[in-house]
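> sequence unknown, structure follows:
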């Protein structure tokens, strides 16, 4: 269901972007406006990006296989990276053309028609962008969210074009057209840089604070007796699929079978409440009786101090790689029961 929704969203994006590209080049042909040309040039990027997103969505929807044991989800981040690079290139080209227009001057005609077409295109872009971001978030598709944000930025640039052309119409100063195009280039440069930065971070599995906070919330909501501490948490993002690795401290007297059953149930409960598909791999650590103050397990036969309070599953706690100093010289292990 999610894959079908993602593919449909990508098809809508490609179809609407192609139509708007045609509309904007018609407006440029009629007006010879540098600002409209900049908007049309960005629409070429939209069409290329929408085509790439459709292909990448097909690749990322493939299940994990022998050669790709973590699945194909990271392909979506390649799409976002290429899209950001294309946007940045368009910004450079628009900036060059705008400076040339300011230096050499230009003639503009049929502003009323051009303005009407760009207003219509801007409204359509805004609606398309909101639709893609909404579908992308619901379907957990990084490619659709990136495309939606790009299309929304296109609507902002259309607004800048409208302001520039309006200034030309009411003042007669043609240079406002090229100034508007330069404003478009600046917005595109910022958007392209941000897309590339975020995509590269995801490809390199940079730590995502907001994501770890959401995982901490899921851990807290599904906490059960015997899950004493969770630390050294790391997340690999592969599109809509998350691979979570962490160390979990459990009572040292639990057998291998008991520890496996309890942590497996905890994993299943957490993933049901997590906002992405995925899996958790826990490395099990024994409590070594240094966590008695933070363990609420009843009828513990090896407790050496009373329970005081649970260790909260905060961002700092989940990502901490350290162990208590006492574990460097732990007491003898308890007999398994």
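In hand now; what should we look at? None of the values given here were measured: they were computed from a predicted structure.
> Just the buried positions in stretch 19-34, please.
20, 21, 23, 24, 25, 27, 28, 30, 31, 33, 34 (16 or more other CB atoms under 10 Å). Every C-beta, even on glycine, is put in place using the N, C-alpha and C of the backbone.
> and the third one, helix, strand or coil?
Following DSSP: H, G, I helix; E, B strand; the rest coil, we place residue 23 in the helix state.
> That one touches residue 116, doesn't it?
No. Using CB atoms under 8 Å, residue 23 is not in contact with residue 116; the gap is 10.4 Å.
> what residues are shared contacts of these two?
Shared contacts of residue 23 and residue 116 (CB atoms under 8 Å, 6 or more residues apart in numbering): none.
> quick one: low-confidence parts of this structure?
1-3, 105-107, 140, 142-143, 323-337 (pLDDT under 70).
> So which residues of it form strands?
Applying DSSP state E to the chain gives strands spanning 229-238, 241-250, 277-286.
> how about JSON lines for those, with distance to residue 172 and mean neighbour count added?
As requested, the strands of the chain are exported to JSON lines (distance: least, CB to CB, whole Å; neighbours: other CB atoms under 10 Å):
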{"stretch": "strand 229-238", "distance to residue 172": "53", "mean neighbour count": "20"}
{"stretch": "strand 241-250", "distance to residue 172": "57", "mean neighbour count": "20"}
{"stretch": "strand 277-286", "distance to residue 172": "58", "mean neighbour count": "16"}
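> Dump those into CSV; add distance to residue 100 as well.
As requested, the strands of the chain are exported to CSV (distance: least, CB to CB, whole Å):
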stretch, distance to residue 100
strand 229-238, 42
strand 241-250, 47
strand 277-286, 50
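> Quick one, which of these gets closest to residue 92.
strand 229-238 (29.9 Å; CB to CB).
> So which residues of this structure form helices?
In the chain, the helices defined using DSSP state H lie at 2-31, 34-60, 75-104, 111-139, 142-171, 175-203, 209-221, 256-273, 315-319.
> For the first one, name the packing helices and strands.
Read it as helix 2-31. Identification of packing neighbours for helix 2-31 by 3 or more CB pairs under 8 Å, 6 or more residues apart in numbering; DSSP states H and E yields helix 34-60, helix 111-139, helix 142-171.
> among those helices, which is nearest residue 307?
helix 111-139 (40.6 Å).
> Tell me which residues of that closest one come out buried.
In helix 111-139, counting by 16+ other CB under 10 Å, buried: 111, 114-115, 117-118, 121-122, 124-126, 128-129, 131-133, 135-136, 139.
> Just send the helices and strands packed on helix 2-31 back as a markdown table, with distance to residue 96 too.
Converted to a markdown table, these look like this (distance: least, CB to CB, whole Å):
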| stretch | distance to residue 96 |
| --- | --- |
| helix 34-60 | 11 |
| helix 111-139 | 22 |
| helix 142-171 | 17 |
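> among these, which is nearest residue 310?
helix 111-139 (32.3 Å).
> And the closest one, what does it pack against?
With contacts taken as 3+ CB pairs under 8 Å, 6+ apart, helix 111-139 sits against helix 2-31, helix 34-60, helix 142-171.
> sorry, back to before: could you dump the buried residues of stretch 19-34 into TSV and include distance to residue 48?
Formatted as TSV, the buried residues of stretch 19-34 follow (distance: CB to CB, whole Å):
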residue	distance to residue 48
20	14
21	10
23	17
24	15
25	15
27	20
28	18
30	24
31	24
33	23
34	22
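> Residue 250: which of those is nearest?
residue 20 (56.9 Å).
> show me the contacts for residue 216.
Taking CB under 8 Å, 6+ apart as the test, what residue 216 contacts is 313, 314, 315, 317, 318.
> coming back round to it: could you dump the helices of the chain into CSV and include distance to residue 295?
Below are the helices of the chain laid out as CSV (distance: least, CB to CB, whole Å):
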stretch, distance to residue 295
helix 2-31, 40
helix 34-60, 42
helix 75-104, 40
helix 111-139, 38
helix 142-171, 39
helix 175-203, 36
helix 209-221, 16
helix 256-273, 13
helix 315-319, 15
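> and residue 291, which of those is closest to it?
Of the helices of the chain, nearest to residue 291 by CB to CB is helix 315-319, at 12.6 Å.
> Quick check: buried residues in the closest one?
In helix 315-319, counting by 16+ other CB under 10 Å, buried: 318, 319.
> and that helix, what does it pack onto?
Counting by 3+ CB pairs under 8 Å, 6+ apart, helix 315-319 packs on helix 209-221, strand 229-238.
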